[in-house]
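In: Here is my input, please return the structure:
(3 chains)
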Amino acid sequence: MIVLSNNDGCAVARTAEAKALGIRMGAPMFQIRDLCRREGVRVFSSNYALYGDMSARVNAVYRDFSPRIEIYSIDESFLDLSDVRPDQRGSLARDMRSTVQRWTGIPTCVGIGPTRTLAKLANHIAKKNPGLSGVCDLSDASVRAAWMARVELAEIWGVGAAGARKLMALGARTVADVASLDPRRVRQAMTVVGERLVHELNGHACLDLEQMTPTRKGCAVTRSFATRVTDLPTLLQAIAAHATRLGEKLRREGLVTDHVTVFFHTSPHDPGTARSVSTTAGLPEATNDTLVLTSAAQDAARRIWKDGYRYAKAGLITTDLVPLANAQRALIGGYDRERSAALMAALDACNARFGRGTVVPASAGIVDQRAWATKFEMRSPRYTTRLDETPVIRAA
DNA sequence: TCTGGGGTCCTAGGACCC
DNA sequence: TCTGGGGTCCTAGGACCC
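Out: The predicted structure follows:
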């Protein structure tokens, strides 16, 4: 089985069987379609609603085990176990793992270590060594040293392709080698990020548990089109849809922006002349009002539109986000915050209850989404969040 | 012949994460 | 025909201030 990226573009998750068939990470679907058909590979679109809901359920279980938790990504969390006696951490981890399995059906691995980098390493070891039954505890220094000598440095959290090359140039090959490097030399090659990494591998924490998610600094909505877009009205519909989504994301976090960057471009894979353009529209006053964002973004897109190209992707990017309460009011050309807030709340409530896109601004135009809306043609049911997609059981 | 010594802010680009 | 979508952090260098 494989799962595809947005727009059913590339294989981004593969079972062991799919990997054995030679399906590579990121393989374009159109290149492996025949193989999948021939070998009976089950192919699924991404199902973000399902992933988000299952993630929340798993984290709810974690919270029962440690109230001090950092949700790091959709499928990883850090838990503070410093109040748990070292000799009891392993059994707690096994208990947690089986509880998650029983209550959600999700298989997990647990890595334990004195720093976040070592916990990540422990998790990697747990995943790769079935004999450990999904739990690896690197609290003990001698146990740790033995494992670190057996893992290649490229597996270290924070070491990518460039970092791996630099560390090898310093003569390191394994994680243990990196831990024994002089932090100052690593800093010269990899800035302070590299120096922190060495300290973390030696059990000295440089990265704290971040229980409070800091308010985000930027927000983007960008999508490839289902098919190439060659006319302005279609592009403007996509821009309106992206602006609508952007407004939703900002409102959910109580943030506003006073400028939005619009971009669109042709595909780097297409023959012919490429075109990639962007422009930034300033707003009189920071806002998260969908109507304001939509018209500003559409105006900006009109300014840089040019016929004669087959556009593949468009997006909106905002930076310098500010909490609504801290946002400077405009002396001239502002908007009525109270009216806007009431209207947006009604809009969000409708769309939350009846599905995204139920109510959209008329300024977005008559919408025919088929040309540009992202493809999810093989999505599994949203079992846990949509009543009409729950499994049906019939008794004969 | 000779041309100071501090600061801050912004941006682009690189590197990394999931 | 067809190739994903988000994020964060760090540094160097330019531009500016007094």
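
In: what residues are up against the residue in chain A that DNA strand B sits nearest to?
Out: Residue of chain A nearest DNA strand B, by CB to the nearest atom of the strand: residue A:160 (2.3 Å). Just so you know, the C-beta spots here come from the backbone N, C-alpha and C atoms, and that holds for glycine as well. By CB atoms under 8 Å, 6 or more residues apart in numbering, the contact list for residue A:160 is empty.

In: for it, phi and psi?
Out: phi -100, psi -160 (degrees, to the nearest 10).

In: Tell me the confidence at it?
Out: You'll see residue A:160 listed with a pLDDT of 94.

In: from memory residue A:285 sits against residue A:327, does it?
Out: Yes: in this structure residue A:285 lies within contact range of residue A:327 using CB atoms under 8 Å: 7.5 Å.

In: Can stretch A:164-174 be said to contact DNA strand C?
Out: No: using CB under 7 Å from any atom of the strand, stretch A:164-174 never reaches DNA strand C; the gap is at least 13.3 Å.

In: what's the overlap in contacts for residue A:285 and residue A:327?
Out: residue A:258.

In: sorry, back to before: can you tell me how far the residue of chain A closest to DNA strand B sits from DNA strand C?
Out: Going from residue A:160 to DNA strand C by CB to the nearest atom of the strand, to the nearest Å gives 10 Å.

In: mind checking how far that residue is from residue A:139?
Out: Going from residue A:160 to residue A:139 by CB to CB, to the nearest Å gives 27 Å.

In: where exactly do the strands run in the stretch 151-300 of chain A?
Out: A:219-229, A:255-266, A:276-287 (DSSP state E, counting those that start in this stretch).

In: which of those strands sits most buried?
Out: strand A:255-266 (a mean of 20; mean count of other CB atoms under 10 Å).

In: What residues of the longest helix along chain A count as buried?
Out: Counting by DSSP state H, the longest helix found in chain A is helix A:232-252. Judged by neighbour count (16 or more other CB atoms under 10 Å), helix A:232-252 contains these buried residues: A:234-251.

In: ok, and of those residues, which contact DNA strand C?
Out: residue A:249.

In: Contact partners for the residue lying closest to residue A:172 once chain neighbours are set aside?
Out: Distances taken as CB to CB, 6 or more residues apart in numbering place residue A:178 nearest to residue A:172, at 4.8 Å, with adjacent residues excluded. Contacts for residue A:178 (CB under 8 Å, 6+ apart) come out as A:153, A:156, A:159, A:167, A:172, A:186, A:197-198, A:201.

In: okay, those residues in TSV with neighbour count next?
Out: What follows is those, written out as TSV (neighbours: other CB atoms under 10 Å):
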residue	neighbour count
A:153	22
A:156	26
A:159	22
A:167	24
A:172	19
A:186	24
A:197	27
A:198	24
A:201	24
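
In: So which of those residues is the closest to residue A:133?
Out: residue A:156 (23.8 Å; CB to CB).

In: Please identify the residues of the stretch 151-300 of chain A in proximity to DNA strand B?
Out: Residues of the stretch 151-300 of chain A lying near DNA strand B (CB under 7 Å from any atom of the strand): A:156-164.

In: which one of those residues sits closest to residue A:70?
Out: residue A:157 (13.9 Å).

In: How far away from the center of its chain is stretch A:359-378?
Out: Mean-position distance between stretch A:359-378 and its chain equals 23 Å (CA atoms, centre = their mean, to the nearest Å).

In: Residue A:353 sits in which helix or strand?
Out: helix A:337-354 (DSSP states H and E).

In: what's that helix in contact with?
Out: With CB under 8 Å, 6+ apart as the criterion, helix A:337-354 contacts A:247-248, A:251, A:287-292, A:357-359.

In: In that helix, which of the residues would be classed as buried?
Out: Within helix A:337-354, the residues scored as buried using 16+ other CB under 10 Å are A:340, A:344, A:347-348, A:351.

In: Take the contacts of residue A:178 and keep only those in helices.
Out: A:167, A:186, A:197-198, A:201.

In: who in the stretch 1-150 of chain A is up against DNA strand C?
Out: A:5-7, A:9-10, A:12, A:26, A:28-30.

In: among these, who's most crowded?
Out: Among these, residue A:7 has the most neighbours (other CB atoms under 10 Å), with 20 neighbours.

In: list the contacts for that one?
Out: A:223-224, A:226, A:374-375.

In: Next one, pLDDT for residue A:367 please.
Out: So residue A:367 comes in at 68 (pLDDT).

In: nope, residue A:64 is what I was after
Out: pLDDT, residue A:64: 94.

In: Find the residue closest to it in space, skipping its chain neighbours.
Out: Nearest non-adjacent residue to residue A:64, counting by CB to CB, 6+ apart: residue A:99, 7.8 Å away.

In: can you count the residues close to that neighbour?
Out: That count, for residue A:99 with other CB under 10 Å as the rule, works out to 16.

In: Go ahead and confirm it touches residue A:61.
Out: Yes: contact criterion CB under 8 Å: residue A:99 and residue A:61 qualify, at 5.6 Å.

In: Please pull up the helix or strand immediately following the helix or strand residue A:31 falls within.
Out: For residue A:31, the element it lies in under DSSP H and E is helix A:29-39. Where DSSP H and E defines the elements, the next helix or strand beyond helix A:29-39 is strand A:43-44.
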